[in-house]
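Asks: kindly generate the corresponding structure for this input.
(one chain, ligands or ions: 1)
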Amino acid sequence: MADSGAPGNDFPMKEAMRIVDLAMLRVPEAARLLVDSYAEHWPQAWPSYEDAVRRVEVALAGDGVNRIALDAADELVGWIGGEPAYHGRVWEIHPLAVRADHRGQGVGSMLVDDLEAIAAARGGLTLRVATDDPSGIGRDEGELYPDPVFALAAAMSRLRGHPFDFYRRLGFVPTGVVPDAHGRGRPDLLLARRIRKARRETNRSLRP
Ligand SMILES: CC(C)(COP(=O)(O)OP(=O)(O)OC[C@H]1O[C@@H](n2cnc3c(N)ncnc32)[C@H](O)[C@@H]1OP(=O)(O)O)[C@@H](O)C(=O)NCCC(=O)NCCS
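Replies: Below is the predicted model of the structure:
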């Protein structure tokens, strides 16, 4: 497993929650989190628990960073993966998942900030993410072309409640769209955030 070399390493958080590197012994929990978290919008992403286990194992074998949030009972309640690209200047977030009963408390934001701190320490300049669009941008013939970026801007109000909106709240900005990435009429929506300089602690805290 790749050690993140995270600044501060185990990241202490309020409510006795902490962020640490994903370890092999957590594979079953991480796989279950993936299946449960993506079931609502993207059931095809990891149709079975076994698919998810393979995905976690591949993540652990790669050169990316995998960080998990553990609650007071030491249960895994969130996972963020980050892969370096462009010689480490750009870090791609994938996956990001927070257990349903822990959403809306700042866990997702803190996982993003934690990954950002690690990427910053390694010289990263940009965080980016691609999110599948279940709301139907590009479903109608001609809606995306000839100007996909304009089409994305025009359709943004349809994305309330979608992870696209979550990333925008965290300061990510739309950078583009990949038409038909997941089949005809199923684009990926792209966002990015400039990485702030390396620091040891997040300035966010958990909401009650
Ligand atoms: C998206 C996800 C990771 C957010 O995690 P979370 O811990 O609930 O997020 P936070 O509590 O840190 O929320 C941060 C901000 O985003 C907002 N937010 C969270 N989820 C949101 C959503 N789906 N739509 C719009 N805004 C959202 C919060 O209200 C909060 O806003 P505020 O700071 O203005 O109060 C979580 O809902 C999840 O795991 N979803 C299923 C898997 C998924 O969609 N992953 C992303 C795939 S690209």
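Asks: what's around the residue of the chain found nearest the ligand, how many residues?
Replies: Going by CB to the nearest ligand atom, the ligand is nearest to G108 of the chain, at 2.5 Å. Where C-beta positions appear, they are placed from N, C-alpha and C, glycine not excepted. As a burial measure, G108 scores 22 neighbours (other CB atoms under 10 Å).
Asks: just the pLDDT for it.
Replies: For G108, the pLDDT comes out at 97.
Asks: quick one: the strands in the protein, in order.
Replies: In the chain, strands defined by DSSP state E lie at 11-12, 18-21, 65-70, 76-85, 90-98, 126-132, 173-178, 188-194, listed in chain order.
Asks: pipe those strands into JSON lines and attach mean neighbour count, mean pLDDT and distance to G161 per row.
Replies: Conversion of these to JSON lines gives the following (neighbours: other CB atoms under 10 Å; pLDDT from 0 to 100; distance: least, CB to CB, whole Å):
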{"stretch": "strand 11-12", "mean neighbour count": "17", "mean pLDDT": "56", "distance to G161": "28"}
{"stretch": "strand 18-21", "mean neighbour count": "20", "mean pLDDT": "96", "distance to G161": "26"}
{"stretch": "strand 65-70", "mean neighbour count": "23", "mean pLDDT": "98", "distance to G161": "22"}
{"stretch": "strand 76-85", "mean neighbour count": "22", "mean pLDDT": "97", "distance to G161": "19"}
{"stretch": "strand 90-98", "mean neighbour count": "20", "mean pLDDT": "97", "distance to G161": "15"}
{"stretch": "strand 126-132", "mean neighbour count": "21", "mean pLDDT": "95", "distance to G161": "13"}
{"stretch": "strand 173-178", "mean neighbour count": "16", "mean pLDDT": "94", "distance to G161": "16"}
{"stretch": "strand 188-194", "mean neighbour count": "19", "mean pLDDT": "96", "distance to G161": "14"}
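Asks: want to throw those into CSV with distance to R55?
Replies: Listed next are those as CSV, based on distance: least, CB to CB, whole Å:
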stretch, distance to R55
strand 11-12, 23
strand 18-21, 17
strand 65-70, 11
strand 76-85, 9
strand 90-98, 8
strand 126-132, 15
strand 173-178, 20
strand 188-194, 17
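Asks: and of these, who's closest to E143?
Replies: Closest to E143 of the strands of the chain, according to CB to CB: strand 173-178, at 10.8 Å.
Asks: and the gap between V98 and G106?
Replies: Per CB to CB, to the nearest Å, V98 is found 10 Å from G106.
Asks: returning to that earlier point: export the strands of the chain to TSV and tack on distance to the ligand?
Replies: Below are the strands of the chain laid out as TSV (distance: least, CB to the nearest ligand atom, whole Å):
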stretch	distance to the ligand
strand 11-12	15
strand 18-21	12
strand 65-70	9
strand 76-85	7
strand 90-98	4
strand 126-132	4
strand 173-178	13
strand 188-194	9
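Asks: is it true that the residue of the chain closest to the ligand touches V98?
Replies: Yes: G108 lies in contact with V98 (CB atoms under 8 Å); the separation is 4.8 Å.
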